[in-house]
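**Student:** Make a model of this:
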Amino acid sequence: MISCLPLGEQSAALQTVLSRNDVLLEVLSGTATMGLPGWYLTAGCLFQTVWNVVTDQPPTSGIKDYDVFYFDDSDLSWEAEDAVIRAGQETFRGLPAQVEIRNEARVHLWYEQRFGVACDPHTSTESAIDCFAATTCCVGVRLEPDGRWRVYAPHGLADVFHLVVRPNPVLAPQEVYEAKTARWRQQWPELTVLDWPTVAAPPSGPSS
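**Tutor:** The predicted structure follows:
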């Protein structure tokens, strides 16, 4: 079973599985030509491709979009990010999928308005990936200049291959996790979704 292999072998297996998604391969190769600093293809398109292969569904089934993160703190203006997004639209013109490109150096500027909790500035693309609502989401891949795949998986890959969704309560609120997992369960009923951790009430002081 892949989920029981050493991490290096799991990474190799991940590349093999993801390579069955032709759209994903096109996004990887296209993004590699854009020269984005610290970029990764990340989130749902990765673990959902694995879920599809493990559950014998078509590799692209249920994948809403393909998320590309990069990190450029030299210009935090929306105009700079929008220029990259527009370049991506040209790069991926004709691709039968939506590619979402985001500068993770800017996330703290809009996160609280969208999700209701404050977000400290990220220091890298990796630190942004670390903050996904589920540890299963915390995976990124990119093509290095020599063509090798770089895999970032701070929580390992066992849960991804074993169809386990585990909460990651470091930034995203509980309702985001529960909304996402409810949607995922409709497409992949084989998932094991773990509950958001409860916070124990502080002990009461001695009665007077």
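
**Student:** Please give me every residue in contact with the residue nearest the centre of the chain.
**Tutor:** When the chain is reduced to its mean C-alpha position, the nearest residue by Cα atoms, centre = their mean turns out to be A43, at 1.9 Å. Counting by Cβ atoms under 8 Å, 6 or more residues apart in numbering, A43 touches D67, F132, C137, V139. (Each C-beta comes from the backbone N, C-alpha and C, glycine too.)

**Student:** Could you pull up phi and psi at the first one?
**Tutor:** Main-chain torsions, D67, degrees, to the nearest 10: phi -90, psi 120.

**Student:** Equivalent analysis for the one 3 residues further on, please.
**Tutor:** Y70 has phi and psi values of phi -140, psi 170 when expressed as degrees, to the nearest 10.

**Student:** Let me know the distance separating it from F47.
**Tutor:** Per Cβ to Cβ, to the nearest Å, Y70 is found 20 Å from F47.

**Student:** Just want to know which of those two has more residues nearby.
**Tutor:** Set Y70 next to F47 and count neighbours by other Cβ atoms under 10 Å: F47 wins out with 26 against 22.

**Student:** which stretch of helix or strand covers that one?
**Tutor:** helix 44-54 (DSSP states H and E).

**Student:** Output the contacting helices and strands for that helix.
**Tutor:** Where contact means 3 or more Cβ pairs under 8 Å, 6 or more residues apart in numbering; DSSP states H and E, helix 44-54 is packed against helix 7-18, helix 22-32, strand 66-70, helix 158-161.

**Student:** in that helix, what counts as buried?
**Tutor:** Buried residues in helix 44-54, defined by neighbour count with 16 or more other Cβ atoms under 10 Å: G44, C45, L46, F47, Q48, T49, V50, W51, N52, V53, V54.

**Student:** swap in stretch 171-184?
**Tutor:** L171, A172, V176, Y177, K180, T181, W184.

**Student:** Can you pull the phi/psi pair for the residue nearest to the centre of the chain?
**Tutor:** According to degrees, to the nearest 10, A43 has phi 70, psi -140.

**Student:** Q98 too?
**Tutor:** Dihedral angles (degrees, to the nearest 10) for Q98: phi -90, psi 130.

**Student:** what sits against it?
**Tutor:** K64, D65, Y66.

**Student:** can you pick the most crowded of those?
**Tutor:** Y66 (27 neighbours).

**Student:** looking at the protein, which helix or strand is least sure?
**Tutor:** helix 7-18 (a mean of 86; mean pLDDT, DSSP states H and E).

**Student:** Mind giving me the packing neighbours of that helix?
**Tutor:** Helix 7-18 packs on helix 44-54, strand 140-143, strand 149-152, helix 158-161, going by 3+ Cβ pairs under 8 Å, 6+ apart.

**Student:** nearest to T16, of the ones you listed?
**Tutor:** helix 44-54 (9.3 Å; Cβ to Cβ).

**Student:** That closest one to helix 7-18, inter-axis angle?
**Tutor:** 80 degrees (axes from the mean of the first three to the mean of the last three Cα atoms, to 10 degrees).

**Student:** Next one: the residue nearest to the centre of the chain from E26, what distance?
**Tutor:** In terms of Cβ to Cβ, A43 sits 17 Å off from E26.
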